[in-house]
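>>> Fold the following for me, if possible:
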Amino acid sequence: MLLHVLYWVLWVCFFGFIWGTYDNYYLKTFSVELIQLPVKMILVYLNLYYLMPRFLFQKRYIDFLFLSMAFLLVGGLIQRLFIFYWIDPLYWPERLHEGYFNLSGILGAIMGITTPMIIPSSAKLLKYWYLNQQEKQMLEKEKLQAELKLLKSQINPHFLFNTLNSLYALSLKRSEKTPEVVMKLSELMHYMLYDANQPKVALAKEIDFIRNYIDLEKVRYEGRFDLSFTTSGDINTSYIAPLILLPFVENSFKHGVNREISGAWITFDLRVEKGRLSLKMENSISLESDKKIEGLPEGIGLSNLRKRLEILYPGAYELKTVKDESSWWVVLNLSL
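Now for the predicted structure:
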């Protein structure tokens with residue numbers, strides 16, 4: 001409200017002073033501005049609070065243009081009444097012979113109404129654009145968050161099912177490994193339910209999660225594969241989006257260990273240096289897996305991972321997948 005009052009006070013003062021400098025008759029120019037002010041204010045607020053919200057912002061451009069012209073014409077005719085029957089007799093009686101329906105007089109009145117509409121209308125448009133951009137960004141952010149949740153939720157559910165089956169088998173045998181498996185499964189589920197909901201997690205935590213995952217798979221496959229797991233660099237001080245590394249490990253077990261009776265192997269080599277993560281993961285592939293993935297460069301897990309990387313690390317990652325005669329390997333370079 002105060003801003004509106006200030007705008008009109010400045011408007012009257014500015015133009016009253018500017019026009020008054022021509023003949024040093026400031027009382028005349030200030031009184032003229034005050035007499036013409038009501039019609040100007042009505043048209044300005046009619047445009048701000050009716051025409052723009054109801055028509056312009058609703059993309060009814062033809063209606064907005066037609067109604068704006070109609071209101072300006074009516075406003076100009078009313079303003080011409082004030083000028084012809086009040087202002088001219090007081091200050092410019094020589095103009096009375098031109099009559100009320102004088103084209104230049106009516107056009108001048110319309111221009112006088114249009115001028116004070118420019119600044120408020122521009123401010124209204126700018127505010128609308130800004131709020132619209134904010135809303136779009138919020139919707140885009142919500143969309144991305146929803147997509148990320150969906151992609152994270154697509155972690156292979158068969159892993160949990162298989163782990164529970166392995167746990168059940170261990171409990172029947174009353175194996176000493178049962179408590180350890182329960183603990184690792186508990187830690188893994190805690191990470192997925194709580195830590196994975198954060199935008200970033202400590203890289204050391206993500207690696208611990210991967211280790212627990214592999215340990216549970218070791219129980220399931222009962223030592224049917226060889227594993228080389230190495231990490232180096234600034235792991236304890238780096239952060240990463242959660243569950244980014246898991247699809248690589250899942251893929252290795254799916255194509256490298258699942259169909260091999262013996263002789264399967266997996267290598268996991270992760271390095272962090274100067275804020276950049278480099279991961280190379282390689283696994284053996286069986287003849288059956290080789291036939292199945294022929295012509296399919298990557299499965300759903302890696303495809304989902306690419307989408308997550310595009311959302312979380314746009315332009316800050318490189319991901320390569322290569323299959324040769326005996327192995328499948330993935331290289332990820334990521335700016336943390």
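>>> Could you use CA atoms for every contact and neighbour count after this?
Will do.
>>> Mind listing the strands the helix or strand R271 falls within pairs with, and their directions?
R271 belongs to strand 264-273 when elements are defined using DSSP states H and E. Neighbouring strands of strand 264-273 in its sheet, by DSSP bridges, are strand 225-233 (parallel), strand 276-284 (antiparallel).
>>> Look at the residue most central in space within the chain and report its pLDDT.
What sits nearest the mean C-alpha location of the chain, by C-alpha atoms, centre = their mean, is K141, with 3.2 Å. Per-residue pLDDT puts K141 at 72.
>>> Where does it sit: helix, strand or coil?
The three-state assignment at K141 reads helix, by DSSP: H, G, I helix; E, B strand; the rest coil.
>>> Please tell me how far it sits from R220.
Going from K141 to R220 by C-alpha to C-alpha, to the nearest Å gives 39 Å.
>>> How about T267?
T267 is 18 Å from R220, by C-alpha to C-alpha.
>>> and Y7, what element?
helix 2-20.
>>> Could you list every helix and strand in contact with whichever helix or strand comes after that helix?
Using DSSP H and E, the next helix or strand after helix 2-20 towards the C-terminus is helix 26-46. When contacts are defined as 3 or more C-alpha pairs under 8 Å, 6 or more residues apart in numbering; DSSP states H and E, helix 26-46 sits against helix 2-20, helix 61-82, helix 103-114.
>>> Could I get the full set of helices for the stretch 51-200 of the chain?
Shown for the stretch 51-200 of the chain, the helices assigned by DSSP state H, counting those that start in this stretch span residues 61-82, 88-91, 103-114, 118-153, 158-173, 178-193.
>>> From the rest of the structure, what touches the second one?
Contacting residues not belonging to helix 88-91 are listed as K28, E94, R95, L96 [C-alpha atoms under 8 Å, 6 or more residues apart in numbering].
>>> Out of those, who's the most crowded?
Most neighbours among the contacts of helix 88-91, by other C-alpha atoms under 10 Å: K28, with 17 neighbours.
>>> Kindly give the local confidence score, pLDDT, for it.
If you check K28, the pLDDT there is 85.
>>> So which bits of stretch 21-41 are buried?
Y26, K28, T29, F30, V32, E33, I35, Q36, L37, V39, K40 (16 or more other C-alpha atoms under 10 Å).
>>> residues touching the second one, list them.
Counting by C-alpha under 8 Å, 6+ apart, K28 makes contact with G20, Y91.
>>> what about Y194, neighbour count?
Under the criterion other C-alpha under 10 Å, the count of neighbours that Y194 has is 9.
>>> Among the buried residues of stretch 21-41, find me the one that's closest to F253.
Using C-alpha to C-alpha, K40 comes nearest to F253 of these, at 75.4 Å.
>>> so where's the stretch 151-300 of the chain uncertain?
151-159, 162, 223, 256, 258-262, 286-300 (pLDDT under 70).
>>> How many residues are close by the nearest residue to R220 once chain neighbours are set aside?
Counting by C-alpha to C-alpha, 6 or more residues apart in numbering, S166 is the residue found nearest to R220 once chain neighbours are left out, at 5.7 Å. S166: 20 surrounding residues under other C-alpha under 10 Å.
>>> check contacts around A316.
Counting by C-alpha under 8 Å, 6+ apart, the residues that A316 touches are L334, S335.
>>> quick one, phi/psi of it?
Main-chain torsions, A316, degrees, to the nearest 10: phi -120, psi 20.
>>> E222 versus that one, what's the distance?
On the measure of C-alpha to C-alpha, A316 and E222 end up 39 Å apart.
>>> returning to what we had before: okay, the contacts of helix 88-91 in a markdown table with distance to F253 next?
Converted to a markdown table, the contacts of helix 88-91 look like this (distance: C-alpha to C-alpha, whole Å):
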| residue | distance to F253 |
| --- | --- |
| K28 | 90 |
| E94 | 98 |
| R95 | 95 |
| L96 | 96 |
